[in-house]
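Visitor: Build me a model from this:
(one chain, ligands or ions: 1)
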Amino acid sequence: MRNLPDTAKTNKQTHLEIGGCDMVSLAKEFGTPLYVLDEATIRNRCQNYLKAFKKYHENTEVIYACKALCATGVLKVVTAEGLGLDVASGGEIYTALRAKCNAKKLYFHGNNKSNAELKMALEAGVGRLVVDTYQELENIDEVAGKIKKTASVIVRINPGIEAHTHEYIKTGTTASKFGVPQNEIEAVVKAAKDKKNINLAGLHAHIGSQILDVKPFVDEVKLLLKLSKKYNTNEVCIGGGFGVPYLTSDELPAIEDLARAITGVLKNDREIKLVLEPGRSIISTAGVTLYSIGVIKDIPGIRKYIFVDGGMADNPRPILYQARYDAKLANKPDKAAAEKVTVAGRFCESGDVLIKDIKLPKVAVGDILAVMCTGAYNYSMASNYNRVGRPAMILVNKGSATLIVKRETYDDLIRNDVIL
Ligand code: LLP
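Guide: Numbering: from 1, shown residues only. The predicted structure is shown next:
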């Protein structure tokens, strides 16, 4: 199935297996909720992007937007595949450096980076700073001047392009908080060229996230190319936002089709360096979250709830964006659907529903539910609501399971409390 990791199958025990590991055994060994990531799927997605785009436009760089899932174990895998990183905070830079990623391959984003973060980035030798406003350009020049560095920047423009996605994850429209508005681009580009401690390398835009069409990307590249010619710059960074199949019914373009359409605009102009920043589409389908089913509450004629031991704190996307997910019972993945249920979490909030109305085989207490496509923006947006520790994360590959993030303990939860 398209919304499962590439290595997913049903094994001899008739359990869900991913990366050669039995998901029921994994749940027993490491406890639930449990984030599971399939290393092969992550590597495949990285290679899919590199191969598809480089085939048509050799001068392409792919950087992983690590806000989708930032953990040292994951950054090691994606950078080993040859990707750079889009980082959006001092914390993400710190994580990347601790994972020994090459600082030169980092692109530092943000609409309100602090001077301390800018200094940290410049001292670490981050490859590019992505300028979001005129004010920031001045900050960068000042910070770089003080520490005697030259900042290599690309200017993020607001492309004014409407992409059909959830309101909260649109970024390219004129009213967005991101990017330099069209009527200020000229002034910012000119200033970037003039500032003593700044080198202008190119232009950037990002039109939103979970976009399922090709056309808005093509429009975006056309605009960026036109501006690059006008301002005589060579780097065209188109951001990320490529959609993933949360549900098997979600239709989306293949990476190959995206590559052909996007690079088509560049017409073999080798001078142009194309940069892509996929986050979700690198990591999302590699992930499943395992939960144990506890209480089952049937409200006759209305709804049958199955309660899991996690929910909105480990996956806030349904409550934030009405995101829809699909799931399987890991201990009987191929059993025919027998009932319609609603999967709800354990948190004190009525809206803590992970999946409304999903058809599953007859569910029993103790079953293991695998929610699919949870690699992106689950762990990275997780909270400790109700003082519940965040789950552990396991990287599975060829039959071995490696713990890459420990489960938070009660002690972790009070670590920063000053106990009076
Ligand atoms: N580049 C820039 C400048 C971005 O702002 C983003 C995402 C990306 C790349 C990566 O986009 P992706 O390929 O992952 O769609 N929390 C939301 C998504 C927020 C995306 C923010 N920026 C969600 O859970 O849907």
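Visitor: Just give the nearest non-adjacent residue to residue 144, would you?
Guide: Nearest non-adjacent residue to residue 144, counting by CB to CB, 6 or more residues apart in numbering: residue 197, 3.8 Å away. In this view, the C-beta of every residue, glycine as well, is placed from N, C-alpha and C.
Visitor: which one is the residue of the stretch 101-250 of the chain found nearest the ligand nearest to, not counting chain neighbours?
Guide: Relative to the ligand, the nearest point of the stretch 101-250 of the chain is residue 240 (2.7 Å; CB to the nearest ligand atom). Nearest non-adjacent residue to residue 240, counting by CB to CB, 6+ apart: residue 277, 4.1 Å away.
Visitor: separation between the one you found and residue 255?
Guide: Separation of residue 277 from residue 255 (CB to CB, to the nearest Å) stands at 14 Å.
Visitor: The two: who's more crowded?
Guide: It is residue 277, of residue 277 and residue 255, that has more neighbours when counted by other CB atoms under 10 Å, with 27 against 17.
Visitor: For the stretch 251-400 of the chain, what lies in contact range of the ligand?
Guide: 277, 278, 279, 280, 281, 317, 321, 376, 377, 381 (CB under 6 Å from any ligand atom).
Visitor: Tell me who's in contact with the residue positioned nearest the centre of the chain.
Guide: The centre of the chain sits closest to residue 68, judged by CA atoms, centre = their mean, with a distance of 2.2 Å. Residue 68 makes contact with 279, 280, 282, 283, 284, 375, 376, 377, 380 under the criterion CB atoms under 8 Å, 6 or more residues apart in numbering.
Visitor: again, 7 Å this time
Guide: Neighbouring residues of residue 68 by CB atoms under 7 Å, 6 or more residues apart in numbering: 279, 280, 282, 283, 376, 377, 380.
Visitor: ditto for residue 304
Guide: Applying CB under 7 Å, 6+ apart to residue 304 gives the contacts 298, 339, 341, 342.
Visitor: Which residue comes closest to the residue nearest to the centre of the chain once chain neighbours are left out?
Guide: residue 279 (3.3 Å).
Visitor: And for residue 116?
Guide: That would be residue 90: by CB to CB, 6+ apart, it lies 7.0 Å from residue 116.
Visitor: go on, residue 216?
Guide: Of all residues not flanking residue 216 in the chain, residue 163 sits nearest, at 4.2 Å (CB to CB, 6+ apart).
Visitor: Can you report how many residues lie near residue 225?
Guide: Using other CB under 10 Å, residue 225 has 18 neighbouring residues.
Visitor: Does it touch residue 264 like I think?
Guide: No: the pair residue 225 / residue 264 is not scored as a contact, 11.1 Å apart, by CB atoms under 7 Å.
Visitor: can you pull out the helices in the stretch 101-250 of the chain?
Guide: For the stretch 101-250 of the chain, the helices defined by DSSP state H, counting those that start in this stretch occupy 115-124, 134-146, 185-194, 215-231.
Visitor: Which residues does the last one contact?
Guide: Right, the one you point to is helix 215-231. Residues outside helix 215-231 that contact it (CB under 7 Å, 6+ apart) are 157, 159, 161, 163, 185, 189, 202-203, 205, 207, 234, 236, 238, 258, 261-262, 265-266, 272.
Visitor: Among these, which are located in strands?
Guide: 202, 203, 236 (DSSP state E).
Visitor: How about residue 399, nearest residue that isn't a chain neighbour?
Guide: residue 20 (3.4 Å).
Visitor: Residue 410 versus the one you found, what's the distance?
Guide: Counting by CB to CB, the gap from residue 20 to residue 410 is 33 Å.
Visitor: And these two? Which one has more around it.
Guide: residue 20 (16 against 9).
Visitor: before we move on, back to that, pretty sure the residue nearest to residue 68 sits against residue 376.
Guide: Yes: counting by CB under 7 Å, residue 279 does reach residue 376; the two are 6.3 Å apart.
Visitor: so what's residue 355 up against?
Guide: Residues near residue 355 by CB under 7 Å, 6+ apart: 325, 327, 342, 343.
Visitor: what pairs with it across the strands?
Guide: residue 343 (DSSP bridges).
Visitor: Without its sequence neighbours, what residue ends up closest to whatever residue of the stretch 51-200 of the chain ends up closest to the ligand?
Guide: Taking CB to the nearest ligand atom, the ligand has its nearest neighbour within the stretch 51-200 of the chain at residue 65, 3.4 Å off. Counting by CB to CB, 6+ apart, residue 279 is the residue found nearest to residue 65 once chain neighbours are left out, at 3.0 Å.
Visitor: before we move on, what about residue 149?
Guide: In this structure, residue 149 finds its nearest non-sequential neighbour in residue 122, 4.6 Å apart by CB to CB, 6+ apart.
Visitor: Next, the contact list for the one you found, please.
Guide: So residue 122 contacts 143, 144, 147, 149, 151 (CB under 7 Å, 6+ apart).
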